[in-house]
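**Student:** what shape does this take:
(2 chains)
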Amino acid sequence: MENYLSLFQTYDVPAAFWVNIQLSFWAAIFALVIGTVLALFRISPIPSLQLFGAAYVNIFRNTPLTIILAFGFLGLFSVMQISLASDLTVSLFRIAIVGLALYHAAFVCEAIRSGVNTVPLGQAEAARAIGLSFLPAARLIILPQAFRGAIAPLGNVLIALIKNSTVAAAGSVATESSGLMKTMIEFRSDLVVPIFLTFALGFVILVIPIGLLTTWASRRLAVAR
Amino acid sequence: MSAQQVLFDAPGPKARRIILISNIVGVLIVLAILAWIISALAGKGQLAASMWTPFLESRTWQFFILPGLLNTLKAAGISIVTAVVFGLIFGVGRLSHSAPIRYVSGLVVEVLRAVPVLLMMIFFWLALGSSGAVQPQNAPLIAVVIALTLYNGSVIAELVRSGVHGLPKGQREAGMAIGLTRNQSLRNIEVPQALIAMLPALISQFVVILKDSALGFIITYPELLQFTRRLGVGEGNVIPSLFVAAAIFIVINFALSTLATRLSVLLSFRTKGRRPSPKDPIVLTPAAT
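**Tutor:** Next comes the predicted model:
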């Protein structure tokens, strides 16, 4: 037990989780913006944008996240020498955020589209009847209702994003929790089970409240029809 | 999808002109993005022929891509079978009428779904490796399979549960009426029907398993990404190699996703409890079974 507790003095476990939370936070914001734009493209009347949206979703949804994040490090950072900050660690951290955001944007787009499907036809027809064209109708009538119908699937994407932020290890973000867990187990292989359970518990504590919250919010905010 | 046609009016001459102009602008923007990516790649010499010619040689495929793909498919294939078994056991466990079994299954499924697959993979890899329970060279494969099974098995358990809950109540009542016990009716009547209804979702989960098998890269399992990285480092063409690896994954997963969508359309006839009318094309029913 003393051995176990002394681990926390040697290794900063909360800091590693904080890295995952930061990765998830920024990636979630960017993914939400990109995903909303993609969803607009896919429901717009313009064929080239529809095609672009569909192609983006199919490409990113079917590529393993590991490849995207490994590409960020091996391709963008090492070969293309793209850096998003003067500091090496910060640069890799930001590249990982971009990779996570691009990947999850495809799922956000599909979640919002499923939300659009919950909006009854009459709403779109009413929007046309009062003379709104596509963008005002989408902004004022369709999307507000679609987001409320998409809270549960969006919550699932957020949960997946938080768990997937551990994959940033493939993009050489060494400070996040899966990397720290590996280091800790390698140094204290006698404590492999307690170390794993600590990290697993950390994610359970992070993820389960979000699941409960989005379920509650999706019921509470659902448009009564 | 239905809102898609109704979101905008049938375009008149003015709207048609706006759509045409926006369409051209859209094409130009997409082309500009593509041109920017291509010029950035070309600027670093990534589009030179020598970067791509290795993929025309048989030894590249023989020694790098095919062995990698084989290992990826091996890990994913084993995991799919074990995850379905795991999912059936715990899905039926969550529906059991014995409260302890129900609670334990529920707890296991909820917790395993909340833990990142990568953490489980690293844990089993290091734990198996240091315990000496398995050959060290087998530890990565076994860790990949166990982690994928535990996570995706839990998701499949939820699919089984929601599939059975989605069945009409009459199915279970009919089972009871002909003298089956609760468990017999579950096994022989409800779960088989639920399996058909959840087939599209199940195939989508297989896509997840195939994608997540690439996490084995991080724990040194020699799967497709690992082999293509080695190839890229050896030939000095990391970016083209990763593109090829991604393209292979996209093709396989896209085929599986398309199959899932097709199946869900076909199976909706069976699972919505709709009575077939005499006007329906008869071929649809045999095709679905």
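
**Student:** let's check: the centremost residue of chain A is which one?
**Tutor:** Centroid-nearest residue in chain A, with Cα atoms, centre = their mean: A:Leu161, separated by 3.5 Å.

**Student:** mind listing what it touches?
**Tutor:** A:24, A:27-28, A:31, A:100, A:104 (Cβ atoms under 8 Å, 6 or more residues apart in numbering or on different chains). Heads up, the C-betas are built off the backbone N, CA and C, glycines and all.

**Student:** pick the one among those closest to chain B.
**Tutor:** Distance to chain B, by Cβ to the nearest Cβ, is smallest for A:Ser24 among the contacts of A:Leu161, at 11.4 Å.

**Student:** tell me how far A:Phe8 lies from A:Pro194.
**Tutor:** 11 Å (Cβ to Cβ, to the nearest Å).

**Student:** I misspoke; the intended subject was B:Ile18.
**Tutor:** From B:Ile18 to A:Pro194 the distance is 64 Å (Cβ to Cβ).

**Student:** helix or strand with the lowest mean pLDDT in chain B?
**Tutor:** When the helices and strands of chain B are scored by mean pLDDT, DSSP states H and E, helix B:284-288 comes last with a mean of 29.

**Student:** any residue of the helix or strand bottoming out on mean pLDDT in chain A up close to chain B?
**Tutor:** None of the helices or strands of chain A scores lower by mean pLDDT, DSSP H and E than helix A:2-10, at a mean of 83. No. Helix A:2-10 does not reach chain B (Cβ under 8 Å from any Cβ of the partner chain); its nearest approach is 15.0 Å.

**Student:** buried ones in that helix?
**Tutor:** Neighbour counts using 16 or more other Cβ atoms under 10 Å in any protein chain shown place A:Leu7 of helix A:2-10 among the buried residues.

**Student:** elements contacting the very next helix or strand once past that helix?
**Tutor:** Counting by DSSP states H and E, the next helix or strand C-terminal to helix A:2-10 is helix A:13-43. The contact analysis (3 or more Cβ pairs under 8 Å, 6 or more residues apart in numbering or on different chains; DSSP states H and E) places helix A:13-43 against helix A:47-62, helix A:88-116, helix A:143-149, helix A:151-164, helix A:177-187, helix A:192-221.

**Student:** just want the angle from helix A:13-43 to helix A:47-62.
**Tutor:** Angle of helix A:13-43 versus helix A:47-62, following axes from the mean of the first three to the mean of the last three Cα atoms, to 10 degrees, is 150 degrees.

**Student:** buried residues in helix A:13-43?
**Tutor:** For helix A:13-43, a neighbour-count test (16+ other Cβ under 10 Å) marks A:13, A:16-17, A:19-21, A:23-24, A:26-28, A:30-32, A:34-36, A:38-43 as buried.

**Student:** whichever residue of the stretch 101-250 of chain B sits closest to chain A and A:Phe71: what is the separation?
**Tutor:** Residue nearest to chain A within the stretch 101-250 of chain B: B:Ala214 (3.6 Å; Cβ to the nearest Cβ). Going from B:Ala214 to A:Phe71 by Cβ to Cβ gives 12 Å.

**Student:** how many neighbours does the spatially closest residue to A:Arg94 that is not a sequence neighbour have?
**Tutor:** Nearest-residue entry for A:Arg94: A:Leu84, 3.9 Å, with adjacent residues in sequence omitted and distances by Cβ to Cβ, 6 or more residues apart in numbering or on different chains. Neighbour count of A:Leu84, defined by other Cβ atoms under 10 Å in any protein chain shown: 15.

**Student:** now A:Leu84. Its backbone dihedrals?
**Tutor:** The phi and psi torsions at A:Leu84 (degrees, to the nearest 10) take the values phi -100, psi 0.

**Student:** which residues does it contact?
**Tutor:** A:90-91, A:94-95, A:98.

**Student:** pLDDT value on the nearest residue to A:Ile159 once chain neighbours are set aside, please?
**Tutor:** Among residues not flanking A:Ile159 along the chain, A:Val207 sits closest, at 5.3 Å (Cβ to Cβ, 6+ apart). Note on A:Val207: pLDDT of 92.

**Student:** and what of B:Ser277?
**Tutor:** B:Ser277 is given a pLDDT of 46.

**Student:** one more: A:Pro194?
**Tutor:** 92.

**Student:** where do the strands of the stretch 51-200 of chain B begin and end?
**Tutor:** Counting by DSSP state E, counting those that start in this stretch, the stretch 51-200 of chain B forms no strands at all.

**Student:** if I look at the spatially most central residue of chain B, how far off is A:Ala101?
**Tutor:** By Cα atoms, centre = their mean, the mean C-alpha position of chain B lies nearest to B:Val207, the distance being 1.6 Å. Per Cβ to Cβ, B:Val207 is found 21 Å from A:Ala101.

**Student:** same question for B:Asn188.
**Tutor:** Counting by Cβ to Cβ, the separation of B:Asn188 from A:Ala101 is 47 Å.

**Student:** so these two - more neighbours on which side?
**Tutor:** A:Ala101 (22 against 11).

**Student:** do I have it right that that one meets A:Gly35?
**Tutor:** No. Contact criterion Cβ atoms under 8 Å: A:Ala101 and A:Gly35 do not qualify, at 9.1 Å.

**Student:** next one: the helix or strand hosting B:Gln226 to chain centre, how far?
**Tutor:** Taking DSSP H and E as the criterion, B:Gln226 maps to helix B:224-235. Offset of helix B:224-235 from its chain centre (Cα atoms, centre = their mean, to the nearest Å): 24 Å.

**Student:** what helices or strands is that helix leaning on?
**Tutor:** Against helix B:224-235 (3+ Cβ pairs under 8 Å, 6+ apart) you get helix A:65-71, helix B:66-95, helix B:238-271.

**Student:** contacts made by it with the rest, please.
**Tutor:** The contact list for helix B:224-235, computed with Cβ under 8 Å, 6+ apart, reads A:64, A:66-67, A:70, A:74, B:54, B:60, B:64-65, B:67-69, B:71-72, B:214, B:216-217, B:220, B:237-242, B:244-245, B:248-249.

**Student:** where does chain A have low pLDDT?
**Tutor:** In the predicted model, chain A carries no residue with pLDDT under 70.

**Student:** let me know the closest of the contacts of A:Leu84 to B:Leu88.
**Tutor:** A:Val98 (39.4 Å; Cβ to Cβ).

**Student:** quick one, what contacts the closest one?
**Tutor:** Contacts of A:Val98 (Cβ under 8 Å, 6+ apart): A:30, A:72, A:84.

**Student:** likewise for B:Pro136?
**Tutor:** Going by Cβ under 8 Å, 6+ apart, B:Pro136 touches B:Gly129.

**Student:** how much space between it and B:Leu128?
**Tutor:** In terms of Cβ to Cβ, B:Pro136 sits 9 Å off from B:Leu128.

**Student:** now do the helices in the stretch 1-150 of chain B.
**Tutor:** B:2-6, B:13-43, B:49-52, B:58-60, B:66-95, B:99-114, B:117-131, B:139-165 (DSSP state H, counting those that start in this stretch).

**Student:** what mean pLDDT does the first one have?
**Tutor:** By that I understand helix B:2-6. In this model, helix B:2-6 carries a mean pLDDT of 49.

**Student:** picking up where we left off before, in CSV: the helices of the stretch 1-150 of chain B, plus mean neighbour count.
**Tutor:** Shown next, in CSV, are those (neighbours: other Cβ atoms under 10 Å in any protein chain shown):
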stretch, mean neighbour count
helix B:2-6, 15
helix B:13-43, 13
helix B:49-52, 13
helix B:58-60, 12
helix B:66-95, 20
helix B:99-114, 16
helix B:117-131, 22
helix B:139-165, 23
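
**Student:** between those helices, which gets the lowest average pLDDT?
**Tutor:** For those, mean pLDDT drops lowest on helix B:2-6, to a mean of 49.
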